[in-house]
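**Q** A structural model of the following input is requested.
(one chain, ligands or ions: 1)
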Amino acid sequence: MAPLIEQAFPSSTTFFISVLCFTLLILLFTKRIFKNKPNPPPSPPKLPLLGNLHQIGPLPHRSFQELSKKYGPIMLFHLGEIPTLVVSSAQMAREVLKTHDSVFASRPHFKAATILSYNHHDIAFSPYGEQWRCLRKITSMHLFSSKRVLQTFKTLREEEVLFMVNKIKKEAETSTDGDGIVNMRDAFYKFTNDIICHMISGKTFRRDGREEKLMNMVLESVPLLGKFNPEDFFPSLKWIGPILGATVRKEAQKIFNMGYAMMTEVLKDRVEGRTEGDEDFLDILLKLQKDEKQKKEFEINDMHIKALCYQSLTAGSEPLALSLEWTMLELLRHPRVLKKLQEEVRAIPSQNEVLKSEDVTNLSYLKAAITESFRLHPPTPLLIPRESMDYCNVEGYDIPKGSRIFVNTYAMGRDPAVWDNPLEYRPERFVNNPFNYNGNTYEITPFGGGRRICPGLQLSLLTMELALANILWCFDWELPRGLKPEDVDMTETPSLSLKRKEDLLLVAKPRKITS
Ligand code: HEM
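**A** Below is the predicted model of the structure:
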């Protein structure tokens, strides 16, 4: 044997060097193979063709929440043919909305959204690119500039709050059994719809009951955006797409046709002239349409104007109405909180029938109650889905280009690792710790984040504070027909929004405001 070894390895040094080289080669080779192998986030087992679709129920935020308990805060699903990333922790939300915001800033194409957004002429469903950037700039510089939100819309908000309060009084007084029961879901939807219509087209929107017709369109279109449409999950089946998605296409087209006709009418009225009121969206957009400097940067056509106006209603009025509804519901389910909030509001030194914006700026418990409601009931529980424009590595995991992204703010708000006793509604959590919605905090993200953050954020918070303060200033409230707080049915209904199945019926008792 010895001669053979000596023959192969003439000296022990050569033997040692050869072994070392061999080991290094093996290491390099295996590392290379390993490096080329993608490292996807944890996924539940999937079925052929369907992928993980069968694991997602009618309330996807809840299905994802349950699955994240097993698979962690970053998961990769295959919904049909589409890789879908779902994140449900502050750290992972920060990765998506901040660290890699530039990669995750686009939106996927869903057929219903394409039809309802006037073929992506809006902001919310527009893919990331030149058009989105220009429309977004117009929104933040002109339509929702801080000056307009704080000053121009102040009178508008106060007028519409007064209109709502008077309607609630009337409905309570004329209730069928004289029991003062008011449908507060209806009241809030009409209120937020009126506010947005007022911003879009001044006072003319109440003509011919237009505002009511628009509200009904919003009520039909939002659930449609959340409805399962097979063609959105199997894009390779292009040839049978229209058959697979026939129902959704038909419904979306019907709503689009009605909305388009209405918007055309509103725009035509305005082009023919107007006489009164503050500058509204239509004035601004029509002015920009003729502006030479704007034309060089980006030409706004009538389709953009109609889509932007219609989208303010779908993206704005529904989540605002639902936020008011969930907050009011939690107050009625928690009499201690309701009482404390009434005391804060009623300590405002005013003798007026209704409160003005300047009366409600320092209500810290009200602000905390609103945040607590967003934590438990974010109106858009998975945000508006994003799409990755490139390959991305998130915390060591490989995310393929073209993935859909959901940020589960619903699950984040109920995470026991972050919130003690997470299911308890307790505004005190935020009293000395006010939540900064557009800052660097990602424990909850009710308005999203990064470059796609909701442009209606400031307007929504100011509107909610004024509306809720007045509702508590003007009325005492009770649950109807002896219903106990613990017996309120919290079942949700399937939609893109987080919506309770039942309407919110409450007893409103108008209060005498005395000195
Ligand atoms: C409480 C009320 C509201 C909530 C909770 C809310 C929530 C959201 C969320 C979660 C997003 C997606 C953000 C993301 O992808 O990161 C969004 C986007 C958007 N929201 Fe809101 N929203 C509210 C009110 C409004 C209002 C009043 C308007 C306008 C009148 C509005 C207009 C929009 C638009 C245009 C987008 C799309 C932004 C983009 O894609 O660049 N929202 N909103």
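**Q** Residue of the stretch 51-200 of the chain closest to the ligand, please.
**A** Using C-beta to the nearest ligand atom, the point where the stretch 51-200 of the chain gets nearest to the ligand is residue 124, with a distance of 3.6 Å. The way it works is simple: take the backbone N, C-alpha and C, and place the C-beta from them, glycine included.
**Q** Quick one: residues contacting the residue nearest to that residue when sequence neighbours are not counted.
**A** Closest residue in space to residue 124, ignoring its immediate chain neighbours: residue 315 at 5.0 Å, by C-beta to C-beta, 6 or more residues apart in numbering. With contacts taken as C-beta atoms under 8 Å, 6 or more residues apart in numbering, residue 315 has the following neighbours: 124, 454, 456.
**Q** Tell me the pLDDT of the first one.
**A** The one in question is residue 124. Looking at residue 124, its pLDDT stands at 94.
**Q** Please apply the same query to the second one.
**A** Confidence per residue is given as pLDDT, and for residue 454 that number is 95.
**Q** again, but for residue 252
**A** Per-residue confidence at residue 252 stands at 93 (pLDDT).
**Q** can you list the residues of the stretch 1-150 of the chain near the ligand?
**A** Taking C-beta under 6 Å from any ligand atom as the measure of proximity, the stretch 1-150 of the chain contacts the ligand at 123-124, 136.
**Q** ok, which stretches of the stretch 51-200 of the chain are strands?
**A** For the stretch 51-200 of the chain, the strands defined by DSSP state E, counting those that start in this stretch occupy 74-79, 82-87, 181-183.
**Q** before we move on, the earlier item: just the ones in helices from the contacts of residue 315, please.
**A** Under the assignment DSSP state H, the contacts of residue 315 contribute nothing to helices.
**Q** tally of neighbours for the closest residue in space to residue 107 that isn't next to it in sequence?
**A** Of all residues not flanking residue 107 in the chain, residue 125 sits nearest, at 5.4 Å (C-beta to C-beta, 6+ apart). One way to gauge burial is a neighbour count; for residue 125, by other C-beta atoms under 10 Å, it gives 26.
**Q** Dihedrals phi and psi, residue 125?
**A** Torsion angles at residue 125 (phi, psi; degrees, to the nearest 10) stand at phi -110, psi 0.
**Q** same check, this time on residue 477
**A** Backbone torsions for residue 477, taken as degrees, to the nearest 10, come to phi -130, psi 140.
**Q** wait, isn't it in contact with residue 509?
**A** Yes: taking C-beta atoms under 8 Å as the definition, residue 477 is a contact partner of residue 509 at 7.4 Å.
**Q** Looking at the two, which has the bigger crowd around it?
**A** Counted by other C-beta under 10 Å, residue 477 and residue 509 do not tie: residue 477 has more neighbours, with 19 against 11.
**Q** any idea how far residue 368 is from the more buried one?
**A** Counting by C-beta to C-beta, to the nearest Å, the gap from residue 477 to residue 368 is 19 Å.
**Q** The ligand contacts on the protein?
**A** If contact is defined as C-beta under 6 Å from any ligand atom, the residues of the chain in contact with the ligand are 123-124, 136, 196, 311-312, 315-316, 319-320, 323, 379-380, 383-384, 446-449, 452-456, 459-460.
**Q** Which of those fall within helices?
**A** Among the residues of the chain next to the ligand, the members found in helices (DSSP H) are 136, 196, 311, 319-320, 323, 459-460.
**Q** follow-up on the earlier one: quick one: which of the contacts of residue 315 is nearest to residue 374?
**A** Minimum distance to residue 374 across the contacts of residue 315 is 11.8 Å, recorded for residue 454 (C-beta to C-beta).
**Q** Please report the distance of the residue lying closest to the closest one once chain neighbours are set aside from residue 462.
**A** When the adjacent residues along the chain are set aside, residue 454 lies closest to residue 447, with 4.0 Å between them (C-beta to C-beta, 6+ apart). Shown here: residue 447 relative to residue 462, a distance of 13 Å by C-beta to C-beta.
**Q** who has more neighbours, those two?
**A** Summary of the neighbour comparison: residue 447 and residue 462, criterion other C-beta under 10 Å, with residue 447 having more neighbours (22 against 18).
**Q** before we move on, the earlier item: so what's the residue count around the residue of the stretch 51-200 of the chain closest to the ligand?
**A** Taking other C-beta under 10 Å as the criterion, the count of residues near residue 124 is 22.
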